[in-house]
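1. sequence? don't have it. structure:
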């Protein structure tokens, strides 16, 4: 569990050279000159909010963005790009995913309710003889769509921290090293992957420096030319050309047509004047998450039944049409959804009560196991070849008072829905951290007295069995 003190202080010596060490200070009071401009660390003093991720360096970057005057969307987008550098096993630029975003203003995006952003993985339209069909890379377009709709900073400020990490070296975290160990043998077969994540024929050790110059160049071009370059410009042509060796089958037309979309969240009434938001029911993880949560609301001390309900709903949703919200209360036989891909989650709460929570996946640990040569982009597996992950997340807000209450997201394959449901319930009750069934992991942020309201009531956690981190300041 990570609260207002860090258990990752040891990372300071590795992140110091990137100017990140100050972010490990936990809840110490921040001070700055009154003329610190927007976009520069120290623009915000006092309570910043919190940035939580499954990989520490990404959370630290989120905190830096909050300190510079960015809001939750700015910080979340920067964290998404950072994860493409520090945890590409689950969140490279090739990844796809979804987010829930909340702006408390009734005149803002979502009109005072959480809104869903979907940047789902997309299969190539004509993979031909591709031996490892890849998903169309969606993370960059998703993160910059989020930032453009909700953020306040310049887009370049969102991409730049990840670019610096790739260029000057990110620290191999425990999370990244753990993923490397799982697939170290087959992953080494790709020369571009081997040059980025191996040294002396062995996977990089925890604490080692991970240089990714080609990815840094790609991020630099995104920063200068804009995200469109990756989908219809020079970078798009480079990606298409790389398919000959990567075997991914993604074409220029696939890239051009791949567009994220904002859509209404699945909204249900909750206690008092609260509103509970899930991803749309068409998303594979939404109904299982809702089923688990409703089961826990009915029987708070029976998580085993809630898990069985989530698994049964997930199995039905995977085999057919997942849009039927009635699944959450249907009388279903016990079942399991079968093997599911890994994912990762991250969340940001800003000091004004703005909030974003996201889940992303490569469709397989390290995706196809191949990089698009010359770009540094690790390719995600095509959804035509791998099952969709259960991206399970929910957010509870009060529309009347325009205030944030709680949010949670789960990872851990089939246990993601129950992990997210337990995290949300614990957050609302002020009882973080929470133990979730294996292999589930939860990211949760909650303010039992709401925000705006009392920031002193706010709590956050990553799973103590994982390798995540929460970065904050006040």
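-> Arrived safely. As the structure is a prediction and not an experimental result, all values here were calculated from the model. Numbers count the residues shown, from 1 in each chain.
2. what residues does the lengthiest helix in the chain touch?
-> Counting by DSSP state H, the longest helix found in the chain is helix 303-319. Residues outside helix 303-319 that contact it (Cβ atoms under 8 Å, 6 or more residues apart in numbering) are 284-285, 287-289, 291-296, 299, 322, 327-328, 330, 332-338, 387-388, 390, 414-415, 417-418, 421-422, 437. The way it works is simple: take the backbone N, C-alpha and C, and place the C-beta from them, glycine included.
3. keep only those of those that are in strands.
-> Using DSSP state E, no member of these falls in strands.
4. show me these that map onto helices.
-> The helices, defined by DSSP H, take in 287-289, 291-296, 417-418, 421-422 from the contacts of helix 303-319.
5. residue 100: what secondary structure?
-> Here residue 100 is recorded as strand under DSSP: H, G, I helix; E, B strand; the rest coil.
6. give me the neighbour count for it.
-> Residue 100 has 26 neighbours, counted by other Cβ atoms under 10 Å.
7. contacts only, for it.
-> Per Cβ under 8 Å, 6+ apart, neighbours of residue 100: 114-117, 265, 277-279, 355-358, 393-395, 407.
8. same question, residue 176
-> Residue 176 makes contact with 55, 86-87, 89, 210, according to Cβ under 8 Å, 6+ apart.
9. let's see that with 7 Å instead.
-> Listed by Cβ atoms under 7 Å, 6 or more residues apart in numbering, the contact set of residue 176 reads 55, 86-87, 89.
10. next, format those as JSON lines and append pLDDT.
-> Converted to JSON lines, those look like this (pLDDT from 0 to 100):
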{"residue": "55", "pLDDT": "96"}
{"residue": "86", "pLDDT": "98"}
{"residue": "87", "pLDDT": "98"}
{"residue": "89", "pLDDT": "98"}
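11. just give me the closest of the residues you listed to residue 166.
-> For these, the minimum distance to residue 166 (Cβ to Cβ) is 9.2 Å, reached by residue 86.
12. shouldn't residue 421 be in contact with residue 291?
-> No - in this structure, residue 421 is not within contact of residue 291 by Cβ atoms under 7 Å, at 8.5 Å.
13. the two: who's more crowded?
-> residue 421 (32 against 29).
14. can I take it that residue 461 is in a helix?
-> No - using three-state DSSP, the secondary structure at residue 461 is strand, not a helix.
15. bridged to it, which residues?
-> Residues in a beta bridge with residue 461, per DSSP bridges, are residue 444.
16. any idea how far it is from residue 374?
-> Remark: distance between residue 461 and residue 374 (Cβ to Cβ, to the nearest Å) = 40 Å.
17. so which of those two has more stuff around it?
-> Of the pair residue 461 and residue 374, residue 461 is the one with more neighbours under other Cβ under 10 Å, namely 23 against 16.
18. so for that one, what's the pLDDT?
-> Here the pLDDT value assigned to residue 461 is 92.
19. now, which of the ones in helices among the contacts of helix 303-319 sits nearest residue 188?
-> residue 417 (34.0 Å).
20. quick one: the closest residue in space to residue 457 that isn't next to it in sequence from residue 401, how far?
-> In space, and not counting its chain neighbours, residue 457 is closest to residue 449: 3.7 Å by Cβ to Cβ, 6 or more residues apart in numbering. Distance of residue 449 to residue 401, given as Cβ to Cβ: 11 Å.
21. show me where the stretch 1-150 of the chain has helices.
-> Remark: helices assigned in the stretch 1-150 of the chain by DSSP state H, counting those that start in this stretch are 12-15, 56-67, 72-86, 88-91, 139-150.
22. reformat those helices as CSV; add mean neighbour count and distance to residue 109.
-> Putting those into CSV (neighbours: other Cβ atoms under 10 Å; distance: least, Cβ to Cβ, whole Å) gives the following:
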stretch, mean neighbour count, distance to residue 109
helix 12-15, 17, 33
helix 56-67, 30, 18
helix 72-86, 31, 9
helix 88-91, 30, 24
helix 139-150, 24, 5
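23. if we can go back for a sec, where does the residue nearest to residue 457 land on pLDDT?
-> Reading off the model, residue 449 has pLDDT 95.
24. now do the same for it: helix, strand or coil?
-> Going by three-state DSSP: residue 449 is strand.
25. what's the separation between residue 392 and residue 235?
-> Using Cβ to Cβ, residue 392 is found at 32 Å from residue 235.
26. return the helix or strand in the chain with minimum mean pLDDT.
-> helix 12-15 (a mean of 35; mean pLDDT, DSSP states H and E).
27. just the strands in the stretch 101-250 of the chain please.
-> Secondary structure of the stretch 101-250 of the chain (DSSP state E, counting those that start in this stretch): strands at 115-119, 170-171, 198-199, 202-203, 209-210.
28. quick one on the thing from earlier: looking at residue 392 and residue 235 now, which is surrounded by more residues?
-> More neighbours surround residue 392 than the other of residue 392 and residue 235, with 37 against 26 (other Cβ under 10 Å).
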